[in-house]
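*Asks:* sequence first, then the predicted structure:
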Amino acid sequence: MCLAVPGKVISIEEKIENSPQMAEVDFAGVVQKVCIDWLPDVKIGDYVIVHVGFALNKIDEKEAEETLKLLKEMGDLE
Amino acid sequence: MKYIDEYRDAQAVKRLSAQIKKLMTREWTIMEICGGQTHSILKYGMEELLPAELTIVHGPGCPVCVTPLEMIDKAIAIAQQPNVIFTSFGDMLRVPGSRLDLLSVKAEGGEIRMVYSPLEAVKIAENNHDKKVVFFAIGFETTAPANAMAVLEAKRKQLKNFSILSAQVLVPPAIEAILSSKNSRVQGFLAAGHVCTVMGFEEYIPLAEKYKVPIVVTGFEPLDIMEGIYLAIKQLEENQYEVENQYRRVVKREGNRAAQKMMQEVFEPVDRNWRGIGCIPNSGLKLRSAFMAYDAEHLFRVDAIHTDETTECMAGEVLQGLKKPLECPLFGKACTPEHPVGAPMVSSEGACAAYFRYRK
């Protein structure tokens, strides 16, 4: 139920006053409209994590790399 | 898919499980809160990779599973009324109420529609002015801001025919209920990564301190979960009890303030019954009085419906990590995904359904 999926922002719709700000997000080839109201500084090309049609946060590329690097180092310790 | 595939690397998961084995000097019991994590653990057979001295118990983080029977009966009573379009996330439709489920109401002619987003329910209301459209607002803190947005949108569009039946629940009070129970055997938690994406993790710090348990905010892919377990075991072995963030690529300490603000504008905490567990103080969300016009429970006068939960089903014990699904006498016999007795057998994130699918 709390499933949220990463996708890439490919376009941002023009802001209509008082309406939810929408963007098109690409989920491995499936494009869906997603509300980005809670991420005011999101840009085209950013990866976001999406739940029931809402982007909850941007994915931090540096942190993602860091985690993978750390995990790899732990594996190398064996 | 970027940010998914690299976290499903089977070799890396195995290497990490070897590190966990090396770390462990005694028996430990850890609970993952979130049903999505339960599903991943069973789907990827992760328990088989872990040392026998480590017990993973599955928590109450499946909104479909913890929605009380009474609330399902209220949903059914509303859906059966004429001129109503009842909208819901798909999983809720098959959860048994005391006599029926929502799908059988649909079979009897009730207008029930499955939606992917709460905003779809608002759109249905916009396109059907002659019908009363009700959205079954379930979910944890991950979903509550989206439900709040639906209410605000209905208000902005001045829709008089939209309301929600709120059965939303909160994670920290549930963790506290589990930890304060005398029977609890949980020594460490994997906190739900997407709940924390919205809420951040500051509210877990007092819990970790009070009960001296490590709480590791954890993602959903196999490598995330294995790392979450590793970090929790490392803390336990070192006698630490801190809140740690494994899911750093998505979760920030403060969460998403804009989403929190929207949720708090529309909802306030309320005591809530959890199916099979009972009442947990301040563990639910109800509409604030300014939004009473959108409260289906009040509008359809179903607040008086009370249902007692008397069943042999062990869902409550499973959801508190006291029992595993395989210990239930009904499991796989009287209770299957085709004919579920308890809600954890309905949702794909329910521990019983996951065991049935992957372990039977």
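*Replies:* All right, it came through fine. Keep in mind it's a predicted model, so treat the numbers as computed, not measured.
*Asks:* for residue B:237, which non-adjacent residue is spatially closest?
*Replies:* Spatial nearest neighbour of residue B:237, excluding adjacent residues (Cβ to Cβ, 6 or more residues apart in numbering or on different chains): residue B:23 at 5.6 Å. Every C-beta, even on glycine, is put in place using the N, C-alpha and C of the backbone.
*Asks:* which residues touch the one you found?
*Replies:* Residues in contact with residue B:23 (Cβ atoms under 8 Å, 6 or more residues apart in numbering or on different chains) are B:230, B:233, B:234, B:237.
*Asks:* ok, now residue B:42?
*Replies:* By Cβ under 8 Å, 6+ apart, residue B:42 lies in contact with B:354, B:355, B:357, B:358, B:359.
*Asks:* now neighbour count and pLDDT too, for these, in TSV please.
*Replies:* Below are the contacts of residue B:42 laid out as TSV (neighbours: other Cβ atoms under 10 Å in any protein chain shown; pLDDT from 0 to 100):
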residue	neighbour count	pLDDT
B:354	24	93
B:355	22	94
B:357	13	92
B:358	14	92
B:359	14	82
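*Asks:* before we move on, the earlier item: among the contacts of residue B:23, which are located in strands?
*Replies:* Among those, none falls in strands (DSSP state E).
*Asks:* ok, and the most crowded of those?
*Replies:* residue B:233 (25 neighbours; other Cβ atoms under 10 Å in any protein chain shown).
*Asks:* verify the contact between it and residue B:188 for me.
*Replies:* Yes: Residue B:233 lies in contact with residue B:188 (Cβ atoms under 8 Å); the separation is 7.5 Å.
*Asks:* shared neighbours, those two?
*Replies:* The contact lists of residue B:233 and residue B:188 share B:28, B:30, where a contact means Cβ under 8 Å, 6+ apart.
*Asks:* next one: residue B:298 from residue B:292, what distance?
*Replies:* Applying Cβ to Cβ, to the nearest Å, the value for residue B:298 to residue B:292 is 6 Å.
*Asks:* then the helix-or-strand element of chain A with minimal mean pLDDT to PDB, C-alphas only?
*Replies:* Each helix and strand of chain A was given a mean pLDDT (mean pLDDT, DSSP states H and E); the minimum falls on helix A:61-76 at a mean of 82. The C-alpha trace of helix A:61-76 is given here as PDB (Å, rounded to 0.1, in the frame of the first residue of the first chain):
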ATOM      1  CA  GLU A  61      21.700  10.600  -6.900                       C
ATOM      2  CA  LYS A  62      24.800  11.200  -4.700                       C
ATOM      3  CA  GLU A  63      23.400   9.400  -1.700                       C
ATOM      4  CA  ALA A  64      22.300   6.500  -4.000                       C
ATOM      5  CA  GLU A  65      25.900   6.200  -5.400                       C
ATOM      6  CA  GLU A  66      27.300   6.400  -1.900                       C
ATOM      7  CA  THR A  67      25.000   3.600  -0.600                       C
ATOM      8  CA  LEU A  68      26.000   1.300  -3.500                       C
ATOM      9  CA  LYS A  69      29.700   2.100  -3.000                       C
ATOM     10  CA  LEU A  70      29.500   1.300   0.700                       C
ATOM     11  CA  LEU A  71      27.700  -2.000   0.000                       C
ATOM     12  CA  LYS A  72      30.300  -2.900  -2.500                       C
ATOM     13  CA  GLU A  73      33.100  -2.200  -0.100                       C
ATOM     14  CA  MET A  74      31.400  -4.300   2.600                       C
ATOM     15  CA  GLY A  75      31.300  -7.200   0.000                       C
ATOM     16  CA  ASP A  76      35.000  -6.700  -0.800                       C
END
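*Asks:* now chain A against chain B: closest residue?
*Replies:* Closest contact between chain A and chain B, by Cβ to the nearest Cβ, is at residue A:53 (3.3 Å).
*Asks:* residue contacts, that residue?
*Replies:* Residue A:53 neighbours (Cβ under 8 Å, 6+ apart): A:32, A:33, A:34, A:35, B:116, B:117, B:118, B:119, B:120, B:146.
*Asks:* for the third one, helix, strand, or coil?
*Replies:* Applying DSSP: H, G, I helix; E, B strand; the rest coil to residue A:34 yields a three-state assignment of strand.
*Asks:* beta partners for it?
*Replies:* When assigned by DSSP bridges, residue A:34 has beta-bridge partners residue A:23.
*Asks:* tell me the spacing between it and residue B:47.
*Replies:* Counting by Cβ to Cβ, the gap from residue A:34 to residue B:47 is 34 Å.
*Asks:* who has more neighbours, these two?
*Replies:* residue A:34 (24 against 14).
*Asks:* verify the contact between that one and residue A:23 for me.
*Replies:* Yes: using Cβ under 8 Å, residue A:34 is in contact with residue A:23, at 5.6 Å.
*Asks:* got the residues of chain A near chain B?
*Replies:* Listed as neighbours of chain B in chain A under the rule Cβ under 8 Å from any Cβ of the partner chain: A:1-4, A:6, A:8, A:18, A:20, A:27-28, A:35, A:37-40, A:47, A:49, A:51-54, A:56-57, A:59-61, A:63-64, A:66-68, A:71-72, A:74-75, A:77-78.
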